[in-house]
Structures are given as C-alpha cells and as structure tokens.
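Engineer: Sequence first, predicted coordinates after that:
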Amino acid sequence: NQVQREQIELQVLASKIQEVCKVVLVDVNEERSYEENLVAALEKLQIQKDVDDKFASRVLEKESMRPSITSDGLAYPHAKNELETKILLLIAKNTPFNLSSEAKIDVQDIILLAVPDELADEEQDILIKIYDTIFDTNSALGVYERLGLNFTKINQFSEPL
C-alpha cells in the first residue's frame, strides 16, 4: 500500500544520506536569535574542522544579502565547503522552536548544508532528493523526521548552541 511504500522510500533515503553525507545534530538555544545560533553552529563546525576556514564567512555573507528562510520558517543556510569531500548536513533536533530573525520571519527548523566543490552523480542525486524532501510543504514534520534519519548513528555536539 501507499503508506508502506513511502516508509520504505524514506528508509532508503535515510540510508543513502548516512552513507553519502556527514550528519550533525544540534540543539538550538531558544533564547538566542536565528543569526546567533547560526554563528554558534558555524564556530563549532570550524573548531571540529568540518569546514574550511572561509566557510562561515561565505554563509554569513549570503545570509546578510538574502536570508535562506522560507515563509513557513525553515532556515536552510548553505555554501560550498572546500575542506570536505562529503556533503555535511547540520540539523536542529529540538524542533519546532520560534527563533527571531533579522528577516522578521520566525525560524522553526534549521538545516545547514556544506557542499563540496565536486559531487559524484550519486551525491548530486542525494542532494536533490534532500532539497525536494525538506521543501515538502505538505509535511508538518521536522527536517530530521522528513529525511527519516536514525539518530543513534549521527554525530551530535555535546552541548546546545
């Protein structure tokens, strides 16, 4: 039936994401703004050497020109990562929340994407599927639930942002 087929597709997607991507979960600090949480996340990625030295400035520059926030509160900051050969996904796990933003849109969910300069065909396919899935406006689920990820196998920062 349809529901079982969708569950199987989601399990396959989650498996491929875990194979092709590095996934990091964080708890956002709900007392801070979206931008403050973003800076904290970028700093942690930098400290852990998951991104190149200029990644944070590229993300922040893009966000200052045009915030990557949908009208329904999904923040999806993204930029090229010259250090890593895998796609890196940083996903907020304590959703939904309401973070104020300079764009005057309450942020309720966050997925940050750090994408290598070159992607193999399979990686490009997964990236497209990730974008298709996270922008599914028919879903009330958080990003990590939409992607069907098994959290017992995902790296997590040891502290909230």
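Structural biologist: Yep, that arrived.
Engineer: show me where this structure has helices.
Structural biologist: 2-20, 34-47, 55-65, 121-134, 143-146 (DSSP state H).
Engineer: Give me the contact list for the second one.
Structural biologist: The contact list for helix 34-47, computed with Cβ atoms under 8 Å, 6 or more residues apart in numbering, reads 24, 26, 28-29, 32, 51, 53, 55-56, 59-60, 63, 69, 75, 77, 88, 90, 99-102, 107, 110, 112, 114, 157, 161. In this view, the C-beta of every residue, glycine as well, is placed from N, C-alpha and C.
Engineer: Would you mind getting the angle between that helix and helix 55-65?
Structural biologist: Calculated by axes from the mean of the first three to the mean of the last three Cα atoms, to 10 degrees, helix 34-47 forms an angle of 160 degrees with helix 55-65.
Engineer: in helix 34-47, what counts as buried?
Structural biologist: For helix 34-47, a neighbour-count test (16 or more other Cβ atoms under 10 Å) marks Tyr34, Glu35, Asn37, Leu38, Val39, Ala40, Ala41, Leu42, Lys44, Leu45 as buried.
Engineer: okay if I get those residues as a markdown table plus distance to Val20 and pLDDT?
Structural biologist: Formatted as a markdown table, the buried residues of helix 34-47 follow (distance: Cβ to Cβ, whole Å; pLDDT from 0 to 100):
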| residue | distance to Val20 | pLDDT |
| --- | --- | --- |
| Tyr34 | 27 | 96 |
| Glu35 | 29 | 96 |
| Asn37 | 26 | 96 |
| Leu38 | 24 | 97 |
| Val39 | 27 | 97 |
| Ala40 | 26 | 96 |
| Ala41 | 21 | 96 |
| Leu42 | 22 | 97 |
| Lys44 | 22 | 94 |
| Leu45 | 18 | 95 |
